[in-house]
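In: need the 3D shape of this:
(chains A, B, C and D)
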There are 2 protein chains.
Amino acid sequence: MMKNYAHSTRLLVAIDCIIFGFDGEELKLLLIKRRFEPEKGKWSLMGGFVNEEEDLEVGAERILHELTGLHNIYVEQLQTFGKVDRDPVERTLSVVFFALINIHNHDEESVKSHSACWISLKQMPKLIFDHEKMVQIALERLRYKAALHPIGFELLPEQFTIPQLQKLYEAIYDLKLDRRNFSRKILSTGLLLDTGEKNANSATKKAILYRLNKEKYESNFNNFWYFMPVTT
Amino acid sequence: MMKNYAHSTRLLVAIDCIIFGFDGEELKLLLIKRRFEPEKGKWSLMGGFVNEEEDLEVGAERILHELTGLHNIYVEQLQTFGKVDRDPVERTLSVVFFALINIHNHDEESVKSHSACWISLKQMPKLIFDHEKMVQIALERLRYKAALHPIGFELLPEQFTIPQLQKLYEAIYDLKLDRRNFSRKILSTGLLLDTGEKNANSATKKAILYRLNKEKYESNFNNFWYFMPVTT
DNA sequence: CTAATATTGTGTTGTTTTGACACATTTATG
DNA sequence: CATAAATGTGTCAAAACAACACAATATTAG
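Out: So this is what the prediction gives:
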């Protein structure tokens, strides 16, 4: 048995971030064009190495802020990818986080300066290394969580309508939902507060604008809600 | 921006394993007495460093096998703990896995030789570093998953009775369930196959022994089942 | 000004699922 | 053979759900 840590191998550790956004129609990812070798110029997740004196969550925050200009966004650790040969240069672990942001909130300048783009999940290009696998697992996690917890609101503006929320869920799960049943289910959670206002940008009947009941959202976040129809 | 990896810090990376077992009454953890400094002699999770040419999952398997003598057990990556000061000797990341095993299957010799012990969750001693936090999060994950997926069977013998399964769920969630409703719910999943045999070690009416419908278990594992009563 | 069209809000209905509860059966024990 | 403890199964009312219909609102075309 080892007596101290002297003989153990030290490894490179990266942080990669999967950033989801929703434009009202489609679920999108914020991807960058990699700017150093190897795989320079290829599509990639935003990432960076863990700093010596920095907690993992802080590192994720730093990387997310660097690209989006945002603070205090929804971030969750996904999992760590550690296949020996996942990076051809040198073995590198990647601690992967996924974030949900309001697609209209990001800082255009930072995004431009990183040659980053919002790309629809359905038109995702080839990504470097194992980043596609990361995205796949993140999507599974998003689908999993959004079915049980009111996580979807993180992708919407402060004020939103029920039809918008429904479109979001339909985008996440790539299916159609019954308008009436969805509305009933969402309203029954008590998570929506009527703002009294209506959605101005509508060519037909203007939908009621709601905002999140933050108190209830936070105190009941870890409860199970059943937002999606159960398919057994 | 960095052009290669040369200037980035390399970190020590450990793997720690949370091993759950069930003795028919209580949920237990397999813990070891640490055999090197720092914190020598203190209670700890089983762990080790990641080998240079070893995938993370393989490392977890290796560590689990070293302690229990078992292969092919249920293992899942929990998350990575990376607080800068979590290890006083040197910054060490820990990729944490949790495992579910049949408590009667482990190799007594290996367990003894590691000064390991099955300890009830309710009598858990102080653990080194952030291992208590890891256990707490693993328990949350277990509770989460077991409410939605038929993960509990991993903790039981090949053949089991419905009352045994119920006791397991009651131990996981630390609550009492209605016998009749539980039975109805479990049987309605179609996951249980009647073996035709009955439980011999019973002082009263002998319960029917079931075994898992492996086919259905595997093909439907990622479906949602709702094993636990919903408390909103 | 009105009809047509698109979208939103709300109600109904029959079926299924759930939670609370009761009773009969099995088996070791005295 | 009566008792005690545990197991298997049944009932019933309330709640939740999926499927569906209709009325209200707003824009646009004529």
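
In: report whether the longest helix anywhere in chain A contacts DNA strand C.
Out: When chain A is scanned for its longest helix (criterion: DSSP state H), the result is helix A:131-148. No - applying C-beta under 7 Å from any atom of the strand, one finds helix A:131-148 separated from DNA strand C by no less than 14.6 Å. Quick note: C-beta positions are derived from backbone N, CA and C, even for glycine.

In: residue boundaries of the strands in chain A?
Out: Here chain A has its strands, by DSSP state E, at A:10-22, A:27-33, A:43-44, A:46-49, A:74-81, A:92-100, A:116-120, A:159-160, A:192-198, A:208-212.

In: other residues contacting the fourth one?
Out: Think strand A:46-49. By C-beta atoms under 8 Å, 6 or more residues apart in numbering or on different chains, the list of residues contacting strand A:46-49 from outside reads A:12-17, A:19, A:30-32, A:59, A:62-64, A:66-67, A:94, A:114, A:116, B:2, B:5, B:8-9.

In: buried residues of the longest helix of chain A, list them for me.
Out: Taking 16 or more other C-beta atoms under 10 Å in any protein chain shown as the neighbour-count basis, helix A:131-148 is seen to contain the buried residues A:131, A:134-135, A:137-139, A:141-142, A:145-148.

In: of the residues you listed, list those near chain B.
Out: When C-beta under 8 Å from any C-beta of the partner chain is taken as the criterion, the members of the buried residues of helix A:131-148 that contact chain B are A:147-148.

In: any chance of the buried residues of helix A:131-148 in CSV, with pLDDT too?
Out: Converted to CSV, the buried residues of helix A:131-148 look like this (pLDDT from 0 to 100):
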residue, pLDDT
A:131, 98
A:134, 98
A:135, 98
A:137, 98
A:138, 98
A:139, 97
A:141, 96
A:142, 96
A:145, 93
A:146, 94
A:147, 92
A:148, 92
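
In: which of the buried residues of helix A:131-148 lies closest to residue A:194?
Out: Minimum separation from residue A:194 among those (C-beta to C-beta) is found for residue A:146, which lies at 22.8 Å.

In: got a list of what the closest one touches?
Out: Remark: with contacts taken as C-beta under 8 Å, 6+ apart, residue A:146 is in contact with A:152, A:169, A:172, A:227-228.

In: does residue A:91 touch residue A:84 like I think?
Out: Yes - between residue A:91 and residue A:84 there is a contact at 5.8 Å, judged by C-beta atoms under 8 Å.

In: picking up where we left off before, wait, does the longest helix of chain A contact DNA strand D?
Out: No - Helix A:131-148 lies apart from DNA strand D when judged by C-beta under 7 Å from any atom of the strand; the minimum separation is 11.6 Å.

In: that helix vs strand A:27-33, what angle?
Out: For helix A:131-148 and strand A:27-33, the angle between their directions (axes from the mean of the first three to the mean of the last three C-alpha atoms, to 10 degrees) works out to 150 degrees.

In: the inter-axis angle of helix A:131-148 versus strand A:74-81?
Out: Using the same axes, to 10 degrees: helix A:131-148 against strand A:74-81 is 130 degrees.

In: mind checking how far helix A:131-148 is from the chain centre?
Out: On the basis of C-alpha atoms, centre = their mean, to the nearest Å, helix A:131-148 sits 9 Å off its chain's mean C-alpha point.

In: please name the nearest non-neighbouring residue to residue A:14.
Out: Sequence neighbours aside, residue A:94 is the residue nearest to residue A:14 in space, at 4.6 Å (criterion: C-beta to C-beta, 6 or more residues apart in numbering or on different chains).

In: again but with residue A:71, I slipped
Out: Nearest in space to residue A:71, with sequence neighbours left out and distances taken as C-beta to C-beta, 6+ apart, is residue A:65 at 5.9 Å.

In: quick check, the one you found in contact with residue A:59.
Out: No - with contacts defined as C-beta under 8 Å, residue A:65 does not count as touching residue A:59, sitting 10.7 Å away.

In: neighbour count for those two, which is higher?
Out: A side-by-side neighbour count of residue A:65 and residue A:59, using other C-beta atoms under 10 Å in any protein chain shown, places residue A:59 first with 22 against 15.

In: can you pull the contacts of that one?
Out: For residue A:59, the contacting residues are A:15, A:48, A:50-51, taking C-beta under 8 Å, 6+ apart as the criterion.

In: name only those of those that count as buried.
Out: Of all the contacts of residue A:59 considered here, the ones buried according to neighbour count by 16+ other C-beta under 10 Å are A:15, A:48, A:50.

In: out of the residues you listed, who's nearest DNA strand C?
Out: Nearest to DNA strand C among the buried ones among the contacts of residue A:59, counting by C-beta to the nearest atom of the strand, is residue A:15 at 38.6 Å.

In: quick check: the residue lying closest to the closest one once chain neighbours are set aside vs residue A:47, distance?
Out: Of all residues not flanking residue A:15 in the chain, residue A:59 sits nearest, at 4.8 Å (C-beta to C-beta, 6+ apart). With distances taken as C-beta to C-beta, to the nearest Å, residue A:59 is found 10 Å from residue A:47.

In: got the domain ranges for chain A?
Out: What automatic domain parsing lists as the domains of chain A is A:12-148, A:150-219.

In: mean confidence (pLDDT) on the last one, please.
Out: Domain A:150-219 comes out with an average pLDDT of 94.

In: relative to strand A:10-22, how tilted is the longest helix of chain A?
Out: In terms of direction (the same axes, to 10 degrees), helix A:131-148 departs from strand A:10-22 by 50 degrees.

In: what's the angle from helix A:131-148 to strand A:92-100?
Out: 40 degrees.

In: alpha carbons of helix A:131-148, as CSV, please.
Out: Listed next in CSV are the C-alpha coordinates belonging to helix A:131-148 (Å, rounded to 0.1, in the frame of the first residue of the first chain):
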residue,chain,number,x,y,z
HIS,A,131,-17.6,16.3,-27.0
GLU,A,132,-20.5,14.8,-29.0
LYS,A,133,-20.9,12.1,-26.3
MET,A,134,-20.9,14.8,-23.7
VAL,A,135,-23.7,16.7,-25.5
GLN,A,136,-25.7,13.5,-25.8
ILE,A,137,-25.4,12.8,-22.1
ALA,A,138,-26.2,16.4,-21.3
LEU,A,139,-29.4,16.2,-23.4
GLU,A,140,-30.4,13.0,-21.6
ARG,A,141,-29.9,14.7,-18.3
LEU,A,142,-31.8,17.8,-19.4
ARG,A,143,-34.7,15.7,-20.5
TYR,A,144,-34.6,13.7,-17.3
LYS,A,145,-34.5,16.7,-15.0
ALA,A,146,-37.0,18.8,-17.0
ALA,A,147,-39.6,16.1,-16.7
LEU,A,148,-39.4,16.2,-12.9
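
In: buried residues in stretch A:212-225?
Out: Of the residues in stretch A:212-225, A:212-213, A:216-217, A:220, A:224-225 count as buried by neighbour count, 16+ other C-beta under 10 Å.
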